[in-house]
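pasting a predicted model and its sequence here:
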Amino acid sequence: MSKLKQFQVQSARPLPIIIMADTSGSMSVDGKIDALNHALKEMISTFSSESRLRAELQVCVITFGGVASMHLPLTAAHKIEGFEPLPATGGTPMGTAFQLAADMMEDQEIIPSRAYKPVVVLISDGHPTDDINSSFDLLMNGERSSKATRFAMGIGADAELSLLSDFANDLEAPVFKAENARDIHRFFKAVTMSVTTRSRSTTPNQSTPLELPPVSENENDDEFEELDF
């Protein structure tokens, strides 16, 4: 390996993207979980093809439906060979999911100190069914987790928007409200664009504004038909 290539490989630092996805039973209706799975798959595909000159995009998916679990452990996007679709069942143990995310960000064996600050994305269509106070505080105020960029999307009329607003910390990107499957798609497009812009910049630790793309006339309307929430 040439010295230049060796330098490029060594200089790539992890840029973690942590998706916290509500997979409770209510997500199974009106095509919500299908839209979420489609958007996640597309995002991971885009990340996998990104240059790794400065930043290596790494993706983790934490789900909370019935139980909270690590659906996809933090993995370099270009090494993700297939994404297993998220199911939708049970209650909404969001507090346990907050704990999983906070613990991971504080663990330097999982996210090393040389990593760029993480991007954490919270998606939910309802209210927590477990206690969130201590784990939410840890996620917001942890030594390392507090430095993360946090985006949030509420799906449908029953989403706990006040909690999602407290979670999000980008002043230019308040909580996004998804009223249909197309909105979920647009939100993930915006997150993807924000992250890839960061990874290509000379300062990947600097947050990039979340800019929602306009509804494209080229989108397949049949894909989103009758999926209003």
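Happy to help now that I have it.

residue 28: neighbour count?
15 (other Cβ atoms under 10 Å). C-beta coordinates here come from the backbone N, C-alpha and C atoms, glycine included.

do you know how far it is from residue 84?
Distance, residue 28 to residue 84, by Cβ to Cβ, to the nearest Å: 16 Å.

likewise for residue 136?
In terms of Cβ to Cβ, residue 136 sits 28 Å off from residue 84.

now the strands for this structure?
Along the chain, the segments classed as strands by DSSP state E run 13-22, 55-65, 67-76, 119-124, 149-155, 176-178.

quick one: contacts for residue 100?
62, 68, 69, 70 (Cβ atoms under 8 Å, 6 or more residues apart in numbering).

wait, isn't residue 149 in contact with residue 206?
No: if you go by Cβ atoms under 8 Å, residue 149 and residue 206 don't touch, sitting 9.7 Å apart.

which of those two has more neighbours?
residue 149 (23 against 12).

for the more buried one, give its distance to residue 26.
Residue 149 is 27 Å from residue 26, by Cβ to Cβ.

for residue 87, same thing?
13 Å.

please apply the same query to residue 213.
Residue 213 is 27 Å from residue 26, by Cβ to Cβ.

more neighbours: the two, which one.
residue 26 (25 against 12).

so what's the more buried one up against?
32, 88, 92, 125, 126, 158.

the residues you listed, buried ones only, as a PyMOL selection?
Here is the PyMOL command that selects the buried residues among the contacts of residue 26 (16 or more other Cβ atoms under 10 Å):
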select buried, resi 32+88+92+125+126
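
can you tell me which two in the contacts of residue 26 are farthest apart?
Farthest-apart pair in the contacts of residue 26 is 88 and 158; separation 14.4 Å (Cβ to Cβ).

so what sits opposite residue 76 in the bridge?
residue 58 (DSSP bridges).

any idea how many residues pack against it?
15.

can you verify my assumption that it contacts residue 58?
Yes: look at residue 76 against residue 58 with Cβ under 8 Å: they come within range, at 5.2 Å.

who touches both of those two?
Common contacts of residue 76 and residue 58, defined by Cβ under 8 Å, 6+ apart, comprise residue 14.

do you know how far the closest residue to residue 16 other than its chain neighbours is from residue 130?
Closest residue to residue 16 apart from its sequence neighbours, by Cβ to Cβ, 6 or more residues apart in numbering: residue 118 at 4.1 Å. Distance of residue 118 to residue 130, given as Cβ to Cβ: 23 Å.

okay, those two: which has more neighbours?
residue 118 (23 against 16).

so what's that one up against?
Contacts of residue 118 by Cβ under 8 Å, 6+ apart are 15, 16, 17, 18, 105, 111, 145, 148, 149.

on the pLDDT front, check it for me.
If you check residue 118, the pLDDT there is 97.
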